[in-house]
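> Based on what follows, work out the 3D shape:
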Amino acid sequence: MIMRRIFPTIHAIEPLTADDADAVSDLHHKGFQVSWSADEFTAFLMSEGVFGYAARQQGAPRDRPAGFVLARQAAGEGEVLTVAVDPASRGCGLGRELMDAVIRHLRGDRAEALFLEVDEANRAALALYTRLGFRQVGRRPGYYRQFGGGEACVMRLDL
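Next up is the predicted model:
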């Protein structure tokens, strides 16, 4: 017998605002050993060139996003700062939807490339980024070692 996980319907991918800082900080804490505070998220979201998106489940409280992405843009390039998906919502395509929103945003602004760093041990994220067309352009040895990971893969997507 094959058991299938049933995922809640996603209502929308919406822009992040500083009002989302507490919620995304809580979600970030679920996915990372060293997480960012609500004040750090507020500072990012108030910074020039920084933008992000939240995935909100239909019927869920606004302060409980299922996932989010935070990125910044400068000098014709974008950088993904962080992505987090609630453990209960992983495996249903939210990461892709969030990354697609960032890519559309940057293409709309005529950015030339999008960069990110990912722990080489994070196979799910590496697979997603490869499917999206990212290619590895560098490594940072030991970058994630302090967090129990390994090298950082620096990846680029030409827009």
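
> And the helices in the protein, which stretches?
According to DSSP state H, the chain carries its helices in the segments 21-31, 38-45, 94-108, 123-131.

> With mean pLDDT and mean neighbour count added, can I get the ones you listed in JSON lines?
For every residue, glycine as well, the C-beta is placed using N, CA and C. JSON lines is the format used below for these (pLDDT from 0 to 100; neighbours: other CB atoms under 10 Å):
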{"stretch": "helix 21-31", "mean pLDDT": "91", "mean neighbour count": "18"}
{"stretch": "helix 38-45", "mean pLDDT": "95", "mean neighbour count": "17"}
{"stretch": "helix 94-108", "mean pLDDT": "96", "mean neighbour count": "19"}
{"stretch": "helix 123-131", "mean pLDDT": "94", "mean neighbour count": "15"}
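
> mind putting those in JSON lines, distance to Ala74 included?
Formatted as JSON lines, the helices of the chain follow (distance: least, CB to CB, whole Å):
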{"stretch": "helix 21-31", "distance to Ala74": "21"}
{"stretch": "helix 38-45", "distance to Ala74": "13"}
{"stretch": "helix 94-108", "distance to Ala74": "11"}
{"stretch": "helix 123-131", "distance to Ala74": "21"}
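
> Looking at those, spot the one closest to Ala60.
Nearest of the helices of the chain to Ala60, taken as CB to CB: helix 21-31 at 10.7 Å.

> then that closest one to PDB, C-alphas only?
C-alpha atoms of helix 21-31 as PDB (Å, rounded to 0.1, in the frame of the first residue of the first chain):
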ATOM      1  CA  ALA A  21       9.400  39.500  10.700                       C
ATOM      2  CA  ASP A  22       8.200  37.600  13.800                       C
ATOM      3  CA  ALA A  23       6.600  34.900  11.700                       C
ATOM      4  CA  VAL A  24       9.500  34.300   9.400                       C
ATOM      5  CA  SER A  25      12.000  34.400  12.300                       C
ATOM      6  CA  ASP A  26      10.000  31.600  13.900                       C
ATOM      7  CA  LEU A  27       9.900  29.600  10.700                       C
ATOM      8  CA  HIS A  28      13.700  30.200  10.100                       C
ATOM      9  CA  HIS A  29      14.300  28.800  13.600                       C
ATOM     10  CA  LYS A  30      12.600  25.500  12.500                       C
ATOM     11  CA  GLY A  31      15.000  25.100   9.600                       C
END
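
> Noted, bye for now.
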